[in-house]
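Engineer: Sequence first, predicted model second:
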Amino acid sequence: AGDASSLQITAVSAAAAHRVAAHDSAVAAHPWLAKATRYCLDRIQELEEMPHAYVLSFAVLFLDAVYDSQPRAADLLKRLGGYIPDDGRVRVEGGTENEALRPLDFAPYPGRPVRDLFEPDVIGADLVRLAGEQQDDGGWVVDYARISPAGALEWRGAATVRAVSILRANGVV
């Protein structure tokens, strides 16, 4: 239903808010953040089977964002890590034919607890893959289902900024 809460969108929004809250006391103190955090932790705790790939990814990123402030996060992160195959590739049900989330979609930045879910060589191989996907014009393309050609162009900019950010943070560029 359109009025039902969603772990997917709440987790990705709350994770971003927690990153901002580390630098902005108004965001940290906002009542929505506390409510969204409780909601996400409770829904993640209730998961009894592999969720959709994007729900899994955003829940993992949320747990990484709250790892230091929420006592339940460590155990929940470890439990969700059990849904991620050793190669870190999670197929996106309902996506394009070969659409999958990869290790850097779950653990883009070094020094974070989520990186412990992956062997270093798995992250290394994914960094090589990501760097190798740069196009001749310097950008990256998206590989998920597109709504329109204009949407693909819009998301291409975001994909490029994200790729450069990840590669820079990991010492590749």
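Structural biologist: Right, received. Where do you want to start? Residues are numbered from 1 along each chain as shown.

Engineer: quick one: low-confidence parts of this structure?
Structural biologist: 1-2, 144-147 (pLDDT under 70).

Engineer: which outside residues touch the lengthiest helix in it?
Structural biologist: In the chain, taking DSSP state H as the definition, the longest helix is helix 149-169. Helix 149-169 is touched from outside by 104, 108-110, 127, 130-131, 133-134, 138-142, 146, 173, with contacts defined as CB atoms under 8 Å, 6 or more residues apart in numbering. No exception for glycine: its C-beta is placed from N, CA and C like everyone else's.

Engineer: One more: stretch 23-34?
Structural biologist: Contacts for stretch 23-34 (CB under 8 Å, 6+ apart): 14, 17-18, 20-22.

Engineer: and with 6 Å instead?
Structural biologist: 17, 20-21 (CB atoms under 6 Å, 6 or more residues apart in numbering).

Engineer: Which stretches in this structure count as helices?
Structural biologist: Secondary structure of the chain (DSSP H): helices at 7-21, 25-29, 31-46, 53-66, 73-81, 103-106, 120-132, 149-169.

Engineer: that older thread, could you identify the buried members of the contacts of stretch 23-34?
Structural biologist: 17, 21 (16 or more other CB atoms under 10 Å).

Engineer: Show the contacting residues for Gly139.
Structural biologist: Gly139 touches 156, 160, counting by CB under 6 Å, 6+ apart.

Engineer: what does Phe62 give?
Structural biologist: 11, 14-15, 40.

Engineer: What's the separation between it and Ala4?
Structural biologist: Look at Phe62 and Ala4: by CB to CB, to the nearest Å, they are 18 Å apart.

Engineer: Quick check: buried residues in stretch 90-107?
Structural biologist: Residues of stretch 90-107 classed as buried under the neighbour-count rule (16+ other CB under 10 Å) are 90, 92, 95, 100-107.

Engineer: what's the farthest-apart pair in those?
Structural biologist: Maximum pairwise distance in the buried residues of stretch 90-107, criterion CB to CB, is 20.2 Å, between Gly95 and Ala107.
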